[in-house]
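*Asks:* Kindly generate the corresponding structure for this input.
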Amino acid sequence: MHSHFDYEYVLGHKIVFICMAKGKPRPHITWFKDGVELYTHMYVNLHEWHYGTDRIKSKIEIDPATQMDAGIYECYADNMYNVDTRTFKTDFSITFD
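*Replies:* So this is what the prediction gives:
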């Protein structure tokens, strides 16, 4: 199953995406931006929680968000039997205070 969500963020603020997956065995979640795997670094944090023996929750936080963070993010969940993805399309907005 493939889905697509549009998300508009404000420059300098935080972007947060959350994915949950369930399966036996418990799936593994990998995050991608524009087809490139994401890893934790100074401005990107990845968190993961395991629930029971079959569920996982993963969260990605980008803070602060810049123009370079616009793009297509994908949550890719897989185990030995199945693959599922969720896609988030992001673009920025500019606010004037």
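
*Asks:* buried sites along the strand ranked longest in the chain?
*Replies:* Ranked by residue count and defined by DSSP state E, the top strand of the chain is strand 83-93. Under the neighbour-count criterion of 16 or more other CB atoms under 10 Å, strand 83-93 has D84, T85, R86, F88, T90, F92 buried. Every residue, glycine included, has its C-beta placed from N, CA and C.

*Asks:* Kindly report the same for stretch 40-57.
*Replies:* Using 16+ other CB under 10 Å as the test for burial, stretch 40-57 gives V44, I56.

*Asks:* With only the CA atoms kept, save it in PDB.
*Replies:* Below are the C-alpha coordinates for stretch 40-57, written out as PDB (Å, rounded to 0.1, in the frame of the first residue of the first chain):
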ATOM      1  CA  THR A  40      20.700  11.000  12.600                       C
ATOM      2  CA  HIS A  41      23.000  14.000  12.400                       C
ATOM      3  CA  MET A  42      23.100  17.500  13.800                       C
ATOM      4  CA  TYR A  43      19.700  18.700  12.500                       C
ATOM      5  CA  VAL A  44      18.000  15.300  11.900                       C
ATOM      6  CA  ASN A  45      17.000  13.000  14.800                       C
ATOM      7  CA  LEU A  46      15.500   9.500  14.300                       C
ATOM      8  CA  HIS A  47      13.700   7.800  17.200                       C
ATOM      9  CA  GLU A  48      12.300   4.300  17.400                       C
ATOM     10  CA  TRP A  49      10.000   2.500  19.900                       C
ATOM     11  CA  HIS A  50       9.200  -1.200  20.000                       C
ATOM     12  CA  TYR A  51       5.700  -2.300  21.300                       C
ATOM     13  CA  GLY A  52       5.200  -5.900  22.100                       C
ATOM     14  CA  THR A  53       6.700  -8.400  19.600                       C
ATOM     15  CA  ASP A  54       5.100  -7.100  16.500                       C
ATOM     16  CA  ARG A  55       4.800  -3.300  16.400                       C
ATOM     17  CA  ILE A  56       7.200  -0.400  15.900                       C
ATOM     18  CA  LYS A  57       6.900   3.400  15.900                       C
END
